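K.L.:
please work out how this folds:
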Amino acid sequence: MDSIAFWDKVGISVRARKILQKLLAENPVLEKIIRNANNVVEIHEALRNWVLPVLKRNPAAESYYLGTSTDEELAEKLSWQDFAAIRILDYIDNAGKEFPDQNIGGQLAQTNPFKMLWLATHKGTSGAEPAFFEDMLQLFRQLNDTQIRTHPTKSQVENWMKKYPSGLDPVVENLRQENKKRIIRILIEKIDCGDISSHKYSFEPGLSFAEKEKLMNQWWLDSNFHLRFAIRSPELLNEMLDYTLTEETMKVLKKARRKGIPFFVNPYYLSLLNSYIPDYVVGADMAIRCYVIYSKQLVEEFGKIVAWEKEDKVKPGEPNAAGWLLPSHNIHRRYPEVAIFIPDTVGRACGGLCASCQRMYDFQSGRYNFNLDKLKPQKTWKERLPVLLDYFRNDAQLRDILITGGDALMSSNNSMKQILDAVYNMALVKIEDNKSRAEGEKYAEIVRIRIGTRLPAYLPQRITPDLCKVLSAFKKKAQKAGIRQFVIQAHFQSPMEITSESKRAVQLLLESGWAVTNQEVFTTAASRRGHSVKLRHVLNKIGVLSYYTFTVKGFKENKSNFTPNSRLMQERMEEKIFGTIPQKDMDFAQHLLVNPANIVKHIRALHQETQLPFLATDRSILNLPGVGKSMTFRTIGITRYGRRILEFDHDPTRAHSPIIHKMGKVIVIESKSLDEYLEQLEEMGENREDYNGVYGYTIGHTEPRMAMYEYPQYYYRVTNEISNLEI
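P.N.:
Numbers count the residues shown, from 1 in each chain. Below is the predicted model of the structure:
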C-alpha cells in the first residue's frame, strides 16, 4: 500500500470532525454535493457548476482564472469572493498532483482536498489534520461572503506600532545597561578563575573589581573583544541570561551542540536580550531571541538539511541550477547582471549565527564556521583574488557585485581594501576592454558595488572610522572607473536591534558616502501586526531605507520561524500600504540614495511633507528554491496537514537566466499551516482576530522595484551576448 492510500484510511480526530461539521452546516450546497457524490469526479463536476457562475459575475475574474499568466492588472479587479472561487477551481484543476516535499523528508505530498472532504464525510477517514479543515472552512466563508476582509485604518496600524519599543528608547537603553553590567561581571569572574583567557584582554595583578570593570567597558568598544569572548555554549548562555532559559530550551540547545550546530553569540548582541522583562518590553525582544535560540526542528534536521536555493550549489566548471558556470565556491550567481562574491577569509564567518540563516546548509557542510583562526586569509588569497575577478571582467552582462558571506565586514580592513582594490582594477580593465568592441557588442561595465553585512545590528563596534576610510577612499577612486552606486546591504530584524551603537555605525557608513539599505526576514515573531512597519519607521530615522522583506526560506528546519506567504501579502496590503509615497513626491524620493551623508535630513523632510509614518521602499519577496526572487503566485493546492501548495512565476520585472523558460513555474510547499501559525502568534500574546482575513490572501504579485534601486543607464548599447552560461 502506498503512502497516499495508507493515509486515506486513517481516521480524523474529534477536533477535525467538529470543524468538518461546522463547514457542512454553514454550506448546505457543499454538503449536498459531497453527500450525493459517489466519487471525487462527481464532486469536482458539481463544484464547477456551482462556482463558475460566481466567477462569471466579474469578467476580470473569469479572464484571470482562464489566463495562462497571472496578470497583475486583472488581479487588481478581483473581489475577495473571486479569490475564493479561483482557489476552488485551481484546487480542482490540480487535484491528485504529487510534489516532493522536503518538509517530510522528500516524500511525495498530494493535493486532493475535495477527495479528503468526501472521505471524511462518508468514512471518517483521510488522515487530514484539523488545520486542513480550518483552512477549508475559511475558504468557503470567503466564497459565501461571510468572512469579509476589513482593512485596518492608519491609526490602527500606528497603534500596533506602539506595541514595539526601539533600542533607542531611554527605558530600553537603561535595561540594556543592566544587561551589559551583568555580562561584564560574569566575564570578569570567568577571567579571574581561569575559565576563559586571552593574552590581549587580561588583567594585571592587583586590580580592583571597579578597575577591571572600567577596563571591560573600554574593551566593549572593540569588536575583537566581542568575537574573542563570544558565548559558545548553552550553559554559558543561560548563565549570561541569569539562568532564565527553560529546561526544555536547554535540552534543545544541548542537543544542538551534540549535533554539531555552531553556537556563537557575541556579548554585545546578547545584551539586547532581556532576562528580567518589565511590562513595557514584554515580547519586544522575540524577533531577536528567535535568531539566537535554536528550534527543535532545526536540531532534528541538522545533518539532513537540503539546500533551498539550488543555484547556490557550486561545482567549479559545472553549471549551477541557473545555468551559470562559476570558477569556485567564492562566486554565486542567479541573474545575468549580478553575482555574489564571498571572500575566502573570515568573511565566511559572522558576528553570530542566525537560527534561520539562509546558509545553514553551508554551516552543516562545514564550509562556514566560527573557527576564526582557521578562516584567516590563506597565503595564496592575494594571488587568487585577481584571477577570481577575471570572471567579472570577462562576463558580458555582469554590472553589480555583492560582496557578502558569511559577513563581508568580518574581513579585516586590510583584506577589505585588497578586495575593493581588486574590484577597482578589474572595473578599469573592463572599461579598457570595451574600447575595442563595436557598438552593440560592448560588455556591461561595473556600475554598482554592494557589501552584505549584519554587523551594524550584530556587532556595530566593527564599523570604525578606519573601516570607513577604506570605504570612502574606494568610492572616490571607483567613481572614476564608472561605478556609480555604493550600497551597504544591512540586515536589521527588529526595532530593538537599533541602538545608539548601531545608529552611530550607520552614521559612519553614510558619512563615508555609502547608502545603507535593509533586508528583513519575515519570521513569525517579526510578522506580528505592526512589527515590520515599526522597523521601517525606526530605520528611516537613522537614515536606512528598506530594500527587501523576505519570506523565511527552507524546509522543516525553519518551520518554527516560517511565516506563510499569505501573511506577507496581508502585511503588504494592510500595513505597508500606509508608507506608500505619493506620486507627487516620488521624484524627490527616488534621489534619496544619491547623497547618503544627508539622507537623514532628506528622509525627515519627506516624512513631514507626506505625513507618512514610514517609507515603504521595500519589496515583499521570496527567494525561490529554483532561480531568483518572486511574490507572483497562486495557491493551487493544500496538503492533509493544511500546508498550502503555491505555484510561483518568476519576477517579470527583471532579467533572468534563460533557463527559467525551460524550468517553468516553481512549486513551494509551505512549512506550516495557517492554523499552526496563528496558534504560534497566540502563544506570543497576539490576538488571533487581529489577523482576520489572512486565509484569503491566496494570490500574489511581485511589486515593481523602486527607481532608486534600478541600475544607471549606460551611454552605449550593451551586447545581447550572455557569457558563462550553459543550459
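K.L.:
distance of the residue sitting furthest away from the middle of the chain from residue 614?
P.N.:
Ranked by distance from the centre of the chain (C-alpha atoms, centre = their mean), the top residue is residue 206, with 49.7 Å. Going from residue 206 to residue 614 by C-beta to C-beta, to the nearest Å gives 53 Å. From N, CA and C alone the C-beta is placed, and that goes for glycine too.
K.L.:
please apply the same query to residue 63.
P.N.:
For residue 63 relative to residue 614 (C-beta to C-beta), the value is 36 Å.
K.L.:
so which of the two has more stuff around it?
P.N.:
In this view residue 63 and residue 614 are compared by other C-beta atoms under 10 Å, and residue 614 has more residues nearby, 24 against 13.
K.L.:
which SSE is that one in?
P.N.:
Under the assignment given by DSSP states H and E, residue 614 is not contained in any helix or strand.
K.L.:
on that earlier part again, how about the residue farthest from the centre of the chain, phi and psi?
P.N.:
When read as degrees, to the nearest 10, the backbone of residue 206 gives phi 90, psi 0.
K.L.:
residues contacting the spatially closest residue to residue 675 that is not a sequence neighbour?
P.N.:
Spatial nearest neighbour of residue 675, excluding adjacent residues (C-beta to C-beta, 6 or more residues apart in numbering): residue 131 at 3.7 Å. Residue 131 makes contact with 641, 642, 643, 673, 674, 675, 676, according to C-beta atoms under 8 Å, 6 or more residues apart in numbering.
K.L.:
how far off centre is stretch 257-276?
P.N.:
Distance, stretch centre to chain centre, for stretch 257-276: 20 Å (C-alpha atoms, centre = their mean, to the nearest Å).
K.L.:
highest neighbour count among the contacts of residue 131?
P.N.:
Highest neighbour count within the contacts of residue 131, by other C-beta under 10 Å: residue 643, with 26 neighbours.
K.L.:
from residue 128, how far out is that one?
P.N.:
The gap separating residue 643 from residue 128 is 11 Å, by C-beta to C-beta.
K.L.:
quick check: domain ranges of this structure?
P.N.:
Following automatic domain parsing, one gets these domains for the chain: 1-148+632-702, 170-301, 314-624.
K.L.:
turn those domains into TSV, columns for distance to residue 164 and mean pLDDT.
P.N.:
TSV is the format used below for these (distance: least, C-beta to C-beta, whole Å; pLDDT from 0 to 100):
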stretch	distance to residue 164	mean pLDDT
domain 1-148+632-702	12	93
domain 170-301	6	94
domain 314-624	5	93
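K.L.:
nearest to residue 163, out of those domains?
P.N.:
Closest to residue 163 of the domains of the chain is domain 314-624 (C-beta to C-beta; 5.9 Å).
K.L.:
quick one, phi psi at residue 295?
P.N.:
phi -90, psi 160.
K.L.:
pull the number of nearby residues for it.
P.N.:
By other C-beta under 10 Å, 20 other residues sit near residue 295.
K.L.:
residue 148 too?
P.N.:
Residue 148: 12 neighbours (other C-beta under 10 Å).
K.L.:
what's the answer for residue 715, then?
P.N.:
7.
K.L.:
one more: residue 425?
P.N.:
15.
K.L.:
can I get the CA coordinates of stretch 327-342 in PDB?
P.N.:
The C-alpha trace of stretch 327-342 is given here as PDB (Å, rounded to 0.1, in the frame of the first residue of the first chain):
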ATOM      1  CA  PRO A 327      35.100  29.400 -11.200                       C
ATOM      2  CA  SER A 328      34.800  28.400  -7.500                       C
ATOM      3  CA  HIS A 329      32.700  28.500  -4.300                       C
ATOM      4  CA  ASN A 330      33.700  32.100  -3.900                       C
ATOM      5  CA  ILE A 331      31.200  33.200  -6.600                       C
ATOM      6  CA  HIS A 332      27.400  32.500  -6.500                       C
ATOM      7  CA  ARG A 333      25.100  33.700  -9.200                       C
ATOM      8  CA  ARG A 334      21.400  33.800 -10.000                       C
ATOM      9  CA  TYR A 335      20.900  36.700 -12.500                       C
ATOM     10  CA  PRO A 336      22.700  38.000 -15.600                       C
ATOM     11  CA  GLU A 337      23.500  41.400 -14.100                       C
ATOM     12  CA  VAL A 338      24.700  40.500 -10.600                       C
ATOM     13  CA  ALA A 339      26.900  37.900  -8.900                       C
ATOM     14  CA  ILE A 340      27.700  37.300  -5.200                       C
ATOM     15  CA  PHE A 341      31.400  37.400  -4.200                       C
ATOM     16  CA  ILE A 342      32.300  35.500  -1.000                       C
END
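K.L.:
buried residues in it?
P.N.:
327, 329-342 (16 or more other C-beta atoms under 10 Å).
K.L.:
and if you look at stretch 392-400?
P.N.:
392, 393, 395, 396, 397, 398, 399, 400.
K.L.:
among these, name the ones in strands.
P.N.:
Residues of those located in strands (DSSP state E): residue 400.
K.L.:
and residue 299, which of the three is it?
P.N.:
helix (DSSP: H, G, I helix; E, B strand; the rest coil).
K.L.:
which stretches of the stretch 301-450 of the chain form helices?
P.N.:
In the stretch 301-450 of the chain, the segments counted as helices under DSSP state H, counting those that start in this stretch are 360-365, 381-393, 413-434.
K.L.:
helix 381-393 and the last one, what's the angle between them?
P.N.:
Taking axes from the mean of the first three to the mean of the last three C-alpha atoms, to 10 degrees, helix 413-434 and helix 381-393 form an angle of 40 degrees between their directions.
K.L.:
could you say what helices and strands helix 413-434 packs with?
P.N.:
Here helix 413-434 touches helix 381-393, strand 400-403, helix 465-478, going by 3 or more C-beta pairs under 8 Å, 6 or more residues apart in numbering; DSSP states H and E.
K.L.:
same thing but 10 Å
P.N.:
strand 338-341, helix 381-393, strand 400-403, strand 448-452, helix 465-478 (3 or more C-beta pairs under 10 Å, 6 or more residues apart in numbering; DSSP states H and E).
K.L.:
can you lay out the ones you listed as a markdown table showing distance to residue 7?
P.N.:
Listed next are the helices and strands packed on helix 413-434 as a markdown table, based on distance: least, C-beta to C-beta, whole Å:
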| stretch | distance to residue 7 |
| --- | --- |
| strand 338-341 | 41 |
| helix 381-393 | 49 |
| strand 400-403 | 44 |
| strand 448-452 | 43 |
| helix 465-478 | 56 |
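K.L.:
now stretch 580-597 - C-alpha only, CSV.
P.N.:
In CSV, the C-alpha atoms belonging to stretch 580-597 read as follows (Å, rounded to 0.1, in the frame of the first residue of the first chain):
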residue,chain,number,x,y,z
THR,A,580,3.3,54.4,0.1
ILE,A,581,5.0,57.5,-1.3
PRO,A,582,2.6,59.9,-3.1
GLN,A,583,3.3,60.2,-6.8
LYS,A,584,3.9,64.0,-6.5
ASP,A,585,6.8,63.3,-4.1
MET,A,586,8.2,60.3,-5.9
ASP,A,587,10.9,62.3,-7.8
PHE,A,588,12.4,63.6,-4.5
ALA,A,589,12.2,60.1,-3.0
GLN,A,590,14.0,58.5,-6.0
HIS,A,591,17.0,60.6,-5.3
LEU,A,592,17.3,59.8,-1.6
LEU,A,593,20.3,57.4,-2.1
VAL,A,594,22.3,59.9,-4.2
ASN,A,595,23.6,61.8,-1.2
PRO,A,596,24.0,59.4,1.7
ALA,A,597,25.6,61.9,4.0
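K.L.:
show me which positions of that stretch end up buried.
P.N.:
581, 589, 590, 592, 593, 596.
K.L.:
likewise stretch 92-104?
P.N.:
Buried residues in stretch 92-104, counting neighbours by 16+ other C-beta under 10 Å, are found at 92, 94, 95, 99, 101, 102, 103, 104.
K.L.:
before I go, just wanted to say thanks for your time.
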